[in-house]
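**Q** one predicted model, sequence on top.
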Amino acid sequence: MKFYPLTFVPILKDRIWGGTKLKTYLNKDIVSQTTGESWEISTVPGDISVVRSGALSGKNINELIAMYPEQILGTSVISRFGKQFPLLFKFIDAKEDLSIQLHPNDALAKERHNSFGKTEMWYVMQADEAARLVVGFKNDSNSAEYLDHLQRKKVVDLLEMHPVQKGDVFFLETGTIHAIGAGVVVAEIQQTSDITYRIYDWDRVDAQGNERELHTDLALEAINYATTPSKISYTEVPNSAATVVDCAYFRTGIIALQDHLQWKKTKDAFTVFMCTNGQFELVYNGEIMHFQMGDTLLIPAVIDHLTLKGKATLLEISI
(Lines give C-alpha, C1' and ligand atoms only; values in the text may rest on other atoms or scores of the structure.)
Protein backbone atom coordinates (compact mmCIF):
# COMPACT_ATOMS: atom_id res chain seq x y z
CA MET A 1 0.00 0.00 0.00
CA LYS A 2 1.27 3.44 -0.98
CA PHE A 3 0.05 5.71 1.78
CA TYR A 4 -0.94 9.30 1.15
CA PRO A 5 -2.44 12.26 3.06
CA LEU A 6 -6.02 11.32 3.90
CA THR A 7 -9.17 13.45 3.95
CA PHE A 8 -12.51 12.27 5.31
CA VAL A 9 -16.18 12.89 4.62
CA PRO A 10 -17.35 15.48 7.18
CA ILE A 11 -19.91 14.25 9.73
CA LEU A 12 -22.37 17.12 10.04
CA LYS A 13 -24.33 17.70 13.24
CA ASP A 14 -27.56 19.67 13.55
CA ARG A 15 -27.64 21.69 16.78
CA ILE A 16 -30.24 23.97 18.36
CA TRP A 17 -27.60 26.73 18.45
CA GLY A 18 -26.13 26.09 14.96
CA GLY A 19 -26.25 28.22 11.80
CA THR A 20 -25.03 28.29 8.20
CA LYS A 21 -21.41 29.50 8.43
CA LEU A 22 -20.07 25.98 7.95
CA LYS A 23 -21.34 26.40 4.38
CA THR A 24 -20.84 30.09 3.73
CA TYR A 25 -17.47 30.27 5.47
CA LEU A 26 -16.04 26.75 5.25
CA ASN A 27 -17.77 25.29 2.17
CA LYS A 28 -19.33 22.35 3.97
CA ASP A 29 -22.38 20.72 2.39
CA ILE A 30 -24.56 21.43 5.40
CA VAL A 31 -27.88 19.68 5.95
CA SER A 32 -29.95 22.44 7.61
CA GLN A 33 -30.07 26.07 8.67
CA THR A 34 -28.94 24.99 12.15
CA THR A 35 -25.83 22.94 11.41
CA GLY A 36 -23.53 23.45 14.36
CA GLU A 37 -20.65 21.03 13.94
CA SER A 38 -18.56 19.34 11.27
CA TRP A 39 -16.72 16.37 12.73
CA GLU A 40 -13.63 16.18 10.54
CA ILE A 41 -11.91 13.08 11.95
CA SER A 42 -13.79 10.94 14.45
CA THR A 43 -13.77 7.47 15.94
CA VAL A 44 -16.62 8.17 18.37
CA PRO A 45 -18.93 5.10 18.23
CA GLY A 46 -21.69 5.78 15.73
CA ASP A 47 -19.68 8.54 14.07
CA ILE A 48 -16.71 6.88 12.38
CA SER A 49 -14.99 8.92 9.69
CA VAL A 50 -14.81 7.52 6.15
CA VAL A 51 -11.97 8.28 3.69
CA ARG A 52 -13.12 10.67 0.99
CA SER A 53 -10.82 9.88 -1.94
CA GLY A 54 -7.87 7.90 -3.28
CA ALA A 55 -7.05 4.20 -3.09
CA LEU A 56 -8.49 3.93 0.43
CA SER A 57 -11.74 5.74 -0.43
CA GLY A 58 -14.78 4.30 1.35
CA LYS A 59 -12.84 2.67 4.17
CA ASN A 60 -13.39 4.04 7.64
CA ILE A 61 -10.58 5.09 9.92
CA ASN A 62 -11.03 2.15 12.30
CA GLU A 63 -10.69 -0.28 9.40
CA LEU A 64 -7.46 1.44 8.34
CA ILE A 65 -6.05 1.28 11.85
CA ALA A 66 -6.93 -2.41 12.13
CA MET A 67 -5.16 -3.17 8.85
CA TYR A 68 -2.20 -0.78 9.13
CA PRO A 69 -1.80 0.29 12.78
CA GLU A 70 1.86 1.28 12.72
CA GLN A 71 1.62 2.97 9.34
CA ILE A 72 -1.40 5.06 10.31
CA LEU A 73 -0.96 5.73 14.03
CA GLY A 74 2.74 5.17 14.62
CA THR A 75 4.50 3.17 17.30
CA SER A 76 4.56 5.92 19.94
CA VAL A 77 0.79 6.44 19.66
CA ILE A 78 0.14 2.69 19.87
CA SER A 79 2.34 2.39 22.95
CA ARG A 80 0.19 5.00 24.74
CA PHE A 81 -3.32 4.45 23.41
CA GLY A 82 -3.30 1.03 21.77
CA LYS A 83 -4.93 0.73 18.37
CA GLN A 84 -7.27 3.64 19.04
CA PHE A 85 -7.32 7.03 17.38
CA PRO A 86 -7.07 9.26 20.47
CA LEU A 87 -8.29 12.62 19.13
CA LEU A 88 -11.43 14.18 17.66
CA PHE A 89 -11.32 17.16 15.29
CA LYS A 90 -14.23 19.55 14.66
CA PHE A 91 -15.27 22.86 13.18
CA ILE A 92 -18.05 24.54 15.20
CA ASP A 93 -20.43 27.33 14.15
CA ALA A 94 -22.26 28.97 17.05
CA LYS A 95 -25.08 31.11 15.68
CA GLU A 96 -26.38 31.22 19.24
CA ASP A 97 -24.69 30.64 22.59
CA LEU A 98 -23.80 27.05 23.35
CA SER A 99 -24.85 25.66 26.71
CA ILE A 100 -22.55 26.31 29.64
CA GLN A 101 -20.82 23.00 30.20
CA LEU A 102 -17.72 21.09 31.25
CA HIS A 103 -16.09 17.72 30.68
CA PRO A 104 -14.86 15.11 33.19
CA ASN A 105 -11.23 14.06 33.53
CA ASP A 106 -9.93 10.65 32.46
CA ALA A 107 -10.53 8.98 35.83
CA LEU A 108 -14.15 10.11 36.16
CA ALA A 109 -14.92 9.47 32.50
CA LYS A 110 -13.48 5.95 32.75
CA GLU A 111 -15.38 5.18 35.96
CA ARG A 112 -18.72 6.60 34.84
CA HIS A 113 -18.75 6.19 31.06
CA ASN A 114 -15.86 3.88 30.11
CA SER A 115 -14.55 6.76 28.02
CA PHE A 116 -11.60 9.10 27.72
CA GLY A 117 -11.91 12.47 29.41
CA LYS A 118 -12.11 15.55 27.26
CA THR A 119 -9.19 17.96 27.31
CA GLU A 120 -9.61 20.33 24.36
CA MET A 121 -8.52 23.53 22.66
CA TRP A 122 -10.19 26.15 20.48
CA TYR A 123 -8.74 28.21 17.65
CA VAL A 124 -11.05 31.11 16.75
CA MET A 125 -11.46 31.22 12.96
CA GLN A 126 -14.09 33.96 12.80
CA ALA A 127 -15.84 36.14 15.33
CA ASP A 128 -18.63 38.66 14.92
CA GLU A 129 -18.34 42.05 16.59
CA ALA A 130 -18.73 41.76 20.39
CA ALA A 131 -18.55 37.95 20.27
CA ARG A 132 -17.21 36.23 23.37
CA LEU A 133 -16.36 32.93 24.97
CA VAL A 134 -17.20 31.80 28.50
CA VAL A 135 -14.16 30.16 30.13
CA GLY A 136 -13.71 29.43 33.83
CA PHE A 137 -14.49 31.33 37.02
CA LYS A 138 -13.73 35.03 37.54
CA ASN A 139 -12.44 34.18 41.02
CA ASP A 140 -11.79 30.96 42.89
CA SER A 141 -15.14 29.46 43.87
CA ASN A 142 -16.54 26.38 45.62
CA SER A 143 -19.45 24.00 45.29
CA ALA A 144 -21.68 25.89 47.75
CA GLU A 145 -21.30 29.24 46.00
CA TYR A 146 -21.68 27.59 42.60
CA LEU A 147 -24.89 25.75 43.58
CA ASP A 148 -26.40 28.87 45.10
CA HIS A 149 -25.85 30.83 41.89
CA LEU A 150 -26.97 27.92 39.72
CA GLN A 151 -30.26 27.54 41.60
CA ARG A 152 -30.93 31.29 41.28
CA LYS A 153 -30.01 31.16 37.56
CA LYS A 154 -27.13 33.54 38.26
CA VAL A 155 -24.22 31.17 37.54
CA VAL A 156 -23.11 33.39 34.65
CA ASP A 157 -22.24 36.09 37.22
CA LEU A 158 -19.42 33.83 38.50
CA LEU A 159 -17.90 33.15 35.08
CA GLU A 160 -15.24 34.90 33.00
CA MET A 161 -16.32 36.35 29.64
CA HIS A 162 -13.56 36.70 27.04
CA PRO A 163 -14.07 39.00 24.03
CA VAL A 164 -12.52 37.18 21.06
CA GLN A 165 -11.20 37.78 17.59
CA LYS A 166 -9.79 35.71 14.75
CA GLY A 167 -6.63 33.85 15.76
CA ASP A 168 -7.32 33.62 19.49
CA VAL A 169 -6.41 30.30 21.13
CA PHE A 170 -7.90 28.81 24.30
CA PHE A 171 -6.78 25.63 26.06
CA LEU A 172 -9.46 23.97 28.19
CA GLU A 173 -8.39 21.46 30.79
CA THR A 174 -10.98 19.00 32.04
CA GLY A 175 -13.29 20.44 34.68
CA THR A 176 -13.18 23.96 33.21
CA ILE A 177 -16.65 25.47 32.79
CA HIS A 178 -16.99 26.93 29.31
CA ALA A 179 -19.25 27.90 26.41
CA ILE A 180 -18.76 29.17 22.87
CA GLY A 181 -20.68 32.41 22.45
CA ALA A 182 -22.93 33.43 19.58
CA GLY A 183 -21.21 34.58 16.41
CA VAL A 184 -18.04 32.49 16.73
CA VAL A 185 -16.56 29.81 14.46
CA VAL A 186 -13.84 27.66 16.02
CA ALA A 187 -11.60 24.76 15.13
CA GLU A 188 -11.70 22.35 18.07
CA ILE A 189 -9.15 19.68 18.96
CA GLN A 190 -10.02 17.29 21.76
CA GLN A 191 -9.60 13.84 23.17
CA THR A 192 -11.83 11.22 21.57
CA SER A 193 -14.85 11.64 23.83
CA ASP A 194 -18.42 12.83 23.53
CA ILE A 195 -19.01 13.18 27.30
CA THR A 196 -20.39 16.61 28.21
CA TYR A 197 -22.00 17.80 31.44
CA ARG A 198 -24.43 20.60 30.62
CA ILE A 199 -25.05 22.88 33.62
CA TYR A 200 -27.01 25.82 32.18
CA ASP A 201 -28.70 26.33 28.81
CA TRP A 202 -29.84 29.96 28.99
CA ASP A 203 -33.44 28.77 29.76
CA ARG A 204 -33.70 27.72 26.10
CA VAL A 205 -36.45 25.40 24.82
CA ASP A 206 -36.85 23.40 21.61
CA ALA A 207 -39.71 23.57 19.10
CA GLN A 208 -41.84 21.42 21.42
CA GLY A 209 -41.20 23.71 24.40
CA ASN A 210 -38.83 21.27 26.11
CA GLU A 211 -35.62 22.26 27.87
CA ARG A 212 -32.50 20.21 27.22
CA GLU A 213 -31.27 17.87 29.93
CA LEU A 214 -28.93 19.31 32.55
CA HIS A 215 -26.32 17.27 34.43
CA THR A 216 -26.14 19.14 37.74
CA ASP A 217 -25.27 16.19 39.97
CA LEU A 218 -22.69 14.67 37.63
CA ALA A 219 -20.99 18.03 37.20
CA LEU A 220 -20.46 18.79 40.90
CA GLU A 221 -17.53 16.42 41.37
CA ALA A 222 -16.09 17.16 37.94
CA ILE A 223 -15.84 20.96 38.16
CA ASN A 224 -12.55 22.73 38.74
CA TYR A 225 -13.59 25.60 41.03
CA ALA A 226 -10.24 27.38 40.81
CA THR A 227 -9.50 30.09 38.27
CA THR A 228 -7.81 28.60 35.22
CA PRO A 229 -5.79 30.78 32.83
CA SER A 230 -6.92 29.45 29.46
CA LYS A 231 -6.11 32.03 26.79
CA ILE A 232 -2.81 31.26 25.06
CA SER A 233 -0.47 33.98 23.79
CA TYR A 234 1.75 33.17 20.83
CA THR A 235 3.72 34.72 18.00
CA GLU A 236 3.41 33.41 14.45
CA VAL A 237 6.64 32.49 12.67
CA PRO A 238 6.50 32.56 8.84
CA ASN A 239 6.87 29.11 7.26
CA SER A 240 7.37 27.42 10.62
CA ALA A 241 5.22 25.91 13.38
CA ALA A 242 4.79 28.09 16.47
CA THR A 243 3.77 25.82 19.36
CA VAL A 244 0.61 27.02 21.12
CA VAL A 245 -0.45 23.95 23.14
CA ASP A 246 1.71 21.10 24.42
CA CYS A 247 -0.22 18.87 26.80
CA ALA A 248 -0.37 15.20 27.73
CA TYR A 249 -2.83 14.42 24.93
CA PHE A 250 -1.76 16.50 21.94
CA ARG A 251 0.65 19.13 20.72
CA THR A 252 -0.57 21.93 18.44
CA GLY A 253 1.45 24.34 16.39
CA ILE A 254 0.33 27.15 14.08
CA ILE A 255 2.03 27.23 10.69
CA ALA A 256 1.89 30.67 9.05
CA LEU A 257 2.59 29.45 5.51
CA GLN A 258 3.79 32.36 3.37
CA ASP A 259 5.17 30.61 0.32
CA HIS A 260 7.03 27.32 0.73
CA LEU A 261 7.83 24.84 3.49
CA GLN A 262 9.76 21.56 3.38
CA TRP A 263 7.94 19.73 6.16
CA LYS A 264 9.47 16.78 8.01
CA LYS A 265 8.61 14.56 10.97
CA THR A 266 9.51 11.18 12.43
CA LYS A 267 7.54 8.04 11.56
CA ASP A 268 6.45 7.22 15.11
CA ALA A 269 3.19 9.27 15.13
CA PHE A 270 0.56 10.71 12.80
CA THR A 271 -0.01 14.43 12.22
CA VAL A 272 -3.23 16.28 11.39
CA PHE A 273 -3.46 19.59 9.53
CA MET A 274 -6.51 21.84 9.86
CA CYS A 275 -6.56 24.73 7.39
CA THR A 276 -7.99 27.78 9.15
CA ASN A 277 -7.23 30.40 6.49
CA GLY A 278 -6.13 30.64 2.86
CA GLN A 279 -5.28 27.83 0.48
CA PHE A 280 -2.25 25.67 -0.24
CA GLU A 281 -0.77 22.83 -2.27
CA LEU A 282 0.66 19.71 -0.69
CA VAL A 283 3.27 17.90 -2.74
CA TYR A 284 4.03 14.27 -1.87
CA ASN A 285 5.45 11.37 -3.88
CA GLY A 286 5.22 13.38 -7.09
CA GLU A 287 1.54 14.23 -6.65
CA ILE A 288 0.01 17.64 -5.94
CA MET A 289 -3.04 17.93 -3.69
CA HIS A 290 -5.00 21.19 -3.31
CA PHE A 291 -6.55 22.33 -0.03
CA GLN A 292 -8.32 25.40 1.33
CA MET A 293 -9.76 26.87 4.49
CA GLY A 294 -12.02 24.30 6.17
CA ASP A 295 -10.05 21.25 5.00
CA THR A 296 -8.64 18.74 7.48
CA LEU A 297 -6.13 16.06 6.53
CA LEU A 298 -4.45 13.18 8.31
CA ILE A 299 -0.79 12.55 7.54
CA PRO A 300 -0.20 8.86 8.34
CA ALA A 301 2.74 8.10 10.58
CA VAL A 302 4.63 6.38 7.76
CA ILE A 303 4.88 9.68 5.83
CA ASP A 304 7.86 11.61 7.15
CA HIS A 305 8.21 14.46 4.66
CA LEU A 306 6.24 16.54 2.17
CA THR A 307 6.17 20.03 0.68
CA LEU A 308 3.64 22.78 1.43
CA LYS A 309 3.18 25.71 -0.95
CA GLY A 310 0.84 28.70 -0.77
CA LYS A 311 -0.49 31.27 1.66
CA ALA A 312 -2.45 29.70 4.49
CA THR A 313 -2.72 29.22 8.22
CA LEU A 314 -2.54 25.61 9.35
CA LEU A 315 -3.00 24.01 12.73
CA GLU A 316 -0.46 21.20 13.01
CA ILE A 317 -1.55 18.61 15.56
CA SER A 318 0.49 15.63 16.73
CA ILE A 319 0.86 13.36 19.74
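**A** In hand now; what should we look at? It should be emphasised that the depicted structure is a prediction, and the values quoted were computed from it without experimental measurement.
**Q** L64: what's it in contact with?
**A** Contacts of L64 were listed using CB atoms under 8 Å, 6 or more residues apart in numbering, and they are L6, V51, L56, I72. Every C-beta, even on glycine, is put in place using the N, C-alpha and C of the backbone.
**Q** which of those lies closest to L218?
**A** I72 (34.2 Å; CB to CB).
**Q** dihedrals phi and psi, that closest one?
**A** When read as degrees, to the nearest 10, the backbone of I72 gives phi -90, psi -60.
**Q** how close does it sit to T252?
**A** I72 is 20 Å from T252, where distance means CB to CB, to the nearest Å.
**Q** Q258 too?
**A** Look at Q258 and T252: by CB to CB, they are 20 Å apart.
**Q** the two: which has the busier surroundings?
**A** T252 (24 against 14; other CB atoms under 10 Å).
**Q** of the contacts of L64, which is the most crowded?
**A** L6 leads the contacts of L64 on contacts (other CB under 10 Å) with 25 neighbours.
**Q** ok, and the closest non-adjacent residue to that one?
**A** L298 (4.5 Å; CB to CB, 6 or more residues apart in numbering).
**Q** quick one, domains of this structure?
**A** Following the assignment in automatic domain parsing, the chain carries domains at 11-232, 241-318.
**Q** which stretch among the ones you listed comes nearest M1?
**A** Of all the domains of the chain, domain 11-232 sits nearest to M1, with 6.7 Å by CB to CB.
**Q** please work out the average pLDDT along the closest one.
**A** Across domain 11-232, pLDDT averages out at 96.
**Q** try stretch 274-285
**A** Here stretch 274-285 scores 98 as its mean pLDDT.
**Q** next, the buried residues of it.
**A** M274, C275, T276, N277, G278, F280, L282, Y284 (16 or more other CB atoms under 10 Å).
**Q** same check on stretch 204-214?
**A** Neighbour-count burial for stretch 204-214, with 16+ other CB under 10 Å as criterion, is recorded at L214.
**Q** first vs last residue of that stretch, how far apart are they?
**A** 12 Å (CA to CA, to the nearest Å).
**Q** from the chain's centroid, how far away is it?
**A** 26 Å (CA atoms, centre = their mean, to the nearest Å).
**Q** contact partners of that stretch?
**A** I16, E96, S99, R198, I199, Y200, D201, D203.
**Q** roughly how far does the first one sit from T34?
**A** I16 is 7 Å from T34, where distance means CB to CB.
**Q** return the closest of the buried residues of stretch 274-285 with respect to L314.
**A** The shortest approach to L314 among these belongs to C275, at 5.6 Å (CB to CB).
**Q** tell me the contacts of that closest one?
**A** With CB under 8 Å, 6+ apart, C275 has these contacts: F291, Q292, M293, G294, D295, T296, A312, T313, L314.
**Q** give me the residue at the spatial middle of this protein.
**A** E188 (2.0 Å; CA atoms, centre = their mean).
**Q** just confirm that one is within a strand.
**A** Yes - under DSSP: H, G, I helix; E, B strand; the rest coil, E188 sits within a strand.
**Q** need the nearest residue in space to it, chain neighbours excluded.
**A** Nearest residue to E188 in three dimensions, chain neighbours excluded: K90, at 4.4 Å (CB to CB, 6+ apart).
**Q** neighbours of that neighbour, how many?
**A** 23.
**Q** bridging residues for the residue nearest to the centre of the chain?
**A** Taking DSSP bridges as the rule, E188 bridges to K90, W122.
**Q** and what of the one 10 residues further on?
**A** Each beta-bridge partner of R198 is listed here: Q101, as defined by DSSP bridges.
**Q** against H215, how distant is the closest residue to D201 other than its chain neighbours?
**A** Closest residue in space to D201, ignoring its immediate chain neighbours: S99 at 4.3 Å, by CB to CB, 6+ apart. Remark: distance between S99 and H215 (CB to CB) = 10 Å.
**Q** which of the two has more residues huddled nearby?
**A** S99 (20 against 17).
**Q** no further queries at this time; thank you.
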